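> 3D model of this:
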Amino acid sequence: MGRRRILVDREIQLRAVLYVLLFMVLTSIFVSLATFNSVWSLLVNYLTAANEKNLTHIFDVTFKTFAIRITLLTIFLAILATLGMLLVSHRIAGPVYRIRQILKELQEGKSPVFTLRKGDSLSTLMDEMRKFGLTYLHLVQASKRVLEIWNRTQVQDMSLNLALKDLEECFQEKIKEQQVPVEKNSNREEV
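Residues are numbered from 1 along each chain as shown. Next up is the predicted model:
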């Protein structure tokens, strides 16, 4: 069960990627400028006694070369970090996407498969979803059996009839949402 799309939940993934990307770019620029400044501070001390006219020329050439290389290197590393973060966040966003699909299938009355890919995060959440989903499906099936029995019999208890009528209306609303015609049984006693 492998998904081919890397960007499955834009909100989660892009927020994480942008945070890492911005942090990495700012850190790289700060470290580069600090390194350049400290190297030139030491270099100035040694070259001050030498030829001062060449010092400004050396500084200009070195700064341009250093700035261009650091900028290109930072952009390259930022792109690598972005791709890496997309792949890492995919292991989180993918399960979130799958859990959302499972919840939709449960709402539609389907019996979903509660699985994640090998290596995905949130496996403990999926285990809890599996337990919840199975309990939910059993409750739905049991409720439908009770309603079927109620439709075939005549129950004299008014409070039980009202409770069962409420339960039936829950299922009828669900069926209307799915646009499936509701079959009514005329054998049931109206409350």
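
> average pLDDT for the lengthiest helix in the chain?
Counting residues, the longest helix in the chain under DSSP state H turns out to be helix 52-107. Taken as a whole, helix 52-107 has a mean pLDDT of 79.

> then stretch 170-179?
Stretch 170-179 carries an average pLDDT of 69.

> contact partners for the residue nearest to the spatial centre of the chain?
Nearest to the mean C-alpha position of the chain, counting by CA atoms, centre = their mean, stands residue 93 at 2.9 Å. By CB atoms under 8 Å, 6 or more residues apart in numbering, residue 93 lies in contact with 7, 8, 9, 12, 13. From N, CA and C alone the C-beta is placed, and that goes for glycine too.

> out of those residues, who has the most neighbours?
Highest neighbour count within the contacts of residue 93, by other CB atoms under 10 Å: residue 13, with 21 neighbours.

> tell me which element that one falls in.
Assigned by DSSP states H and E, residue 13 falls within helix 10-47.

> sorry, back to before: quick check: closest non-adjacent residue to the residue nearest to the centre of the chain.
For residue 93, ignoring the flanking residues on the chain, the nearest one in space by CB to CB, 6 or more residues apart in numbering is residue 9 at 3.7 Å.

> do you know how far the one you found is from residue 81?
In this view, residue 9 and residue 81 are 19 Å apart by CB to CB, to the nearest Å.

> dump the residue contacts of residue 133.
Taking CB under 8 Å, 6+ apart as the test, what residue 133 contacts is 102, 106, 112, 114.

> mind putting those into CSV with distance to residue 27?
As requested, the contacts of residue 133 are arranged in CSV below (distance: CB to CB, whole Å):
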residue, distance to residue 27
102, 39
106, 44
112, 43
114, 41
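
> any idea which of those is the one closest to residue 24?
Checking these against residue 24 by CB to CB gives residue 102 as the nearest, at 34.7 Å.

> ok, the nearest residue to that closest one once chain neighbours are set aside - contacts?
Among residues not flanking residue 102 along the chain, residue 112 sits closest, at 4.5 Å (CB to CB, 6+ apart). Residue 112 sits next to 101, 102, 105, 106, 133 when contact means CB under 8 Å, 6+ apart.

> can you classify residue 112 by secondary structure?
State at residue 112, reduced to three classes by DSSP: H, G, I helix; E, B strand; the rest coil: coil.

> check what pLDDT it gets.
91.

> for the one 10 residues further on, same thing?
Residue 122 is assigned a predicted lDDT (pLDDT) of 83.

> tell me how far the closest residue to it other than its chain neighbours lies from residue 123.
With CB to CB, 6+ apart as the criterion, residue 122 has its nearest non-adjacent residue at 4.0 Å, and that residue is residue 95. According to CB to CB, residue 95 stands 8 Å off from residue 123.
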